[in-house]
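Trainee: return atomic coordinates for the entry below.
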Amino acid sequence: MSIRHGSWVLVALGMLAFVRSHSARAQGLPAVNLGLTSFVDGGPPAGPGFYFQEYIQFFHADQINDRQGDPVGLPAKPDLDVFVSLNQFLYQSNQEVPLIGGKWGVDVIVPVVHLDLSPGSLPIQDNSGGLGDLVVGPYIQWDPIMGDNGPIFMHRVEFQNIIPTGKYDENYALNPGSGFYSFNPYWAGTLFILPRWEFSYRLHYLWNDANDNPNTPGAVDDTQAGQAVHVNFATSYELLPKQLRAGINGYYLKQVSDAEVDGQSVDGSREQVLGVGPGFVWHISQDDHIFFNAYFETLAENRPEGTRFVLRWTHHF
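Mentor: Numbering: from 1, shown residues only. So this is what the prediction gives:
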């Protein structure tokens with residue numbers, strides 16, 4: 001099912017690796033879905049109806065990488081902890097969309113964020129905790145393509161809108177909200193390679209509007225984060241029939257256009273990160289499921305590099 005907001009490492013912190021060499025701070029990417037979704041992601045576990053999902057995420061980083069992917073040399077290491085509670089409400093209809101064939105649904109996410117930054121020698125402050133940005137996304141879910149031994153492929157497309165309703169103050173470099181609108185559609189699918197072995201993906205595109213109240217030094221009117229693509233990927237094997245799956249999960253983010261300050265591109269501002277780790281899903285019943293995923297990051301550029309842990313509960317009413 002759908003989700004957004006990976007780590008609330010946003011706005012300035014991801015760009016601090018090269019801030020020293022720029023007179024104006026570029027706009028970092030907002031928080032996106034990095035690893036919150038994983039196994040059997042292409043379809044709902046119990047068909048049409050109402051769903052609630054609770055995500056608890058912990059992210060820790062004590063390293064910030066520069067544009068070459070090397071740790072920034074600082075007299076003292078920064079220490080960042082991010083706690084996120086995502087409350088997701090979904091409705092999956094049983095009504096087909098004319099001409100398309102899939103069935104419509106709607107997704108609403110209300111995040112709660114807590115930031116704890118011990119900046120060391122970094123001249124930045126965090127805006128503590130509060131509500132993050134509201135996410136609203138209509139989607140279309142197609143019925144599974146069936147084979148002789150069960151489903152072969154199932155997929156979904158969602159048009160997510162990230163609305164800047166979260167707590168934001170331009171006097172702080174780190175905020176629970178981003179301060180600008182983003183469009184983050186995705187295509188998710190699950191392929192059953194064998195009846196008990198599946199591969200899942202969720203491919204996103206990210207477009208960001210301008211921030212008219214940025215956290216920047218000097219006379220800057222607006223900043224705009226670059227465009228990006230990011231993907232979650234996972235593969236799992238069913239160890240206990242209809243009860244337990246375990247496997248490997250990961251994510252990759254690549255910024256594909258420069259950030260801008262007052263309409264001017266900032267060279268060297270693109271972000272990147274790869275995270276990979278183990279995970280499992282416990283199917284308590286057809287209506288209740290527990291996911292756990294761990295990620296260890298590498299190849300980070302212009303952003304923190306750390307570890308991420310995600311616990312998710314899915315309930316079908």
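
Trainee: could you list the low-pLDDT ranges of the stretch 201-317 of the chain?
Mentor: Where the stretch 201-317 of the chain drops to pLDDT under 70, the residues are 217.

Trainee: and for the stretch 1-150 of the chain?
Mentor: Ranges of the stretch 1-150 of the chain meeting pLDDT under 70: 1-25, 74-76, 119-127.

Trainee: ok, now how distant is Y139 from L203?
Mentor: Separation of Y139 from L203 (C-beta to C-beta, to the nearest Å): 14 Å. Where you see a C-beta, it was placed from the backbone N, CA and C, and this is true even at glycine.

Trainee: who's more crowded, those two?
Mentor: Between Y139 and L203, counted using other C-beta atoms under 10 Å, Y139 has the larger neighbour count: 22 against 14.

Trainee: neighbouring strands - and their directions - for the strand or helix carrying that one?
Mentor: Here Y139 is covered by strand 134-141, with elements defined by DSSP states H and E. Using DSSP bridges, strand 134-141 pairs in its sheet with strand 103-118 (antiparallel), strand 150-158 (antiparallel), strand 161-163 (antiparallel).

Trainee: got the buried residues for the last one?
Mentor: When you say that, I think you mean strand 161-163. Neighbour-count burial for strand 161-163 flags 161-162 (criterion: 16 or more other C-beta atoms under 10 Å).

Trainee: ok, and what's touching it?
Mentor: For strand 161-163, the surrounding residues in contact (C-beta atoms under 8 Å, 6 or more residues apart in numbering) are 4, 30, 133-137, 178, 181-184.

Trainee: and those, which is closest to Y51?
Mentor: G137 (13.5 Å; C-beta to C-beta).

Trainee: what's around that closest one, how many residues?
Mentor: Residues near G137, counting by other C-beta under 10 Å, number 23.

Trainee: for it, give the beta-bridge partners.
Mentor: G137 has these beta-bridge partners by DSSP bridges: D107.

Trainee: next up, the contacts around it.
Mentor: Residues near G137 by C-beta under 8 Å, 6+ apart: 2, 106-107, 158-161.

Trainee: distance of it from G250?
Mentor: Here G137 is placed at a distance of 23 Å from G250 (C-beta to C-beta).

Trainee: can I assume A234 sits in a helix?
Mentor: No: assigned with DSSP: H, G, I helix; E, B strand; the rest coil, A234 falls outside any helix and is strand.

Trainee: touching, it and S200? I think so.
Mentor: Yes: counting by C-beta atoms under 8 Å, A234 touches S200, with 5.0 Å between them.

Trainee: residues near the closest residue to D267 other than its chain neighbours, how many?
Mentor: Once flanking residues are discounted, D267 sits nearest to D258: 6.6 Å by C-beta to C-beta, 6 or more residues apart in numbering. Number of residues near D258 (other C-beta under 10 Å) recorded here: 18.

Trainee: now do the phi/psi pair for D258.
Mentor: Backbone torsions of D258, given as degrees, to the nearest 10, read phi -70, psi 150.

Trainee: tell me who's in contact with it.
Mentor: Each residue near D258 by C-beta under 8 Å, 6+ apart is listed here: 26, 226, 265-267, 269-270.

Trainee: got it, and V108?
Mentor: V108 touches 88-90, 134-136, counting by C-beta under 8 Å, 6+ apart.

Trainee: can you do 6 Å?
Mentor: Neighbour list for V108: 89, 136 [criterion: C-beta atoms under 6 Å, 6 or more residues apart in numbering].

Trainee: what's the answer for Q141, then?
Mentor: When contacts are counted by C-beta under 6 Å, 6+ apart, Q141 touches 102-103, 105, 156.

Trainee: neighbour-wise, give me the winner out of those residues.
Mentor: That'd be R156 among these, by other C-beta under 10 Å, with 24 neighbours.

Trainee: relative to K242, how far out is the residue lying farthest from the centre of the chain?
Mentor: Residue farthest from the centre of the chain, counting by C-alpha atoms, centre = their mean, is D148 at 35.3 Å. Counting by C-beta to C-beta, the gap from D148 to K242 is 19 Å.

Trainee: do Y201 as well
Mentor: 23 Å.

Trainee: of these two, who's got more company?
Mentor: Between Y201 and K242, Y201 has the larger neighbour count (other C-beta under 10 Å), namely 19 against 9.

Trainee: list the beta-bridge partners for V82.
Mentor: Bridge pairing for V82 (DSSP bridges) gives the partners F59, L115.

Trainee: my read is that it contacts F59, right?
Mentor: Yes: taking contacts as C-beta atoms under 6 Å, V82 lies within contact range of F59: 4.3 Å.
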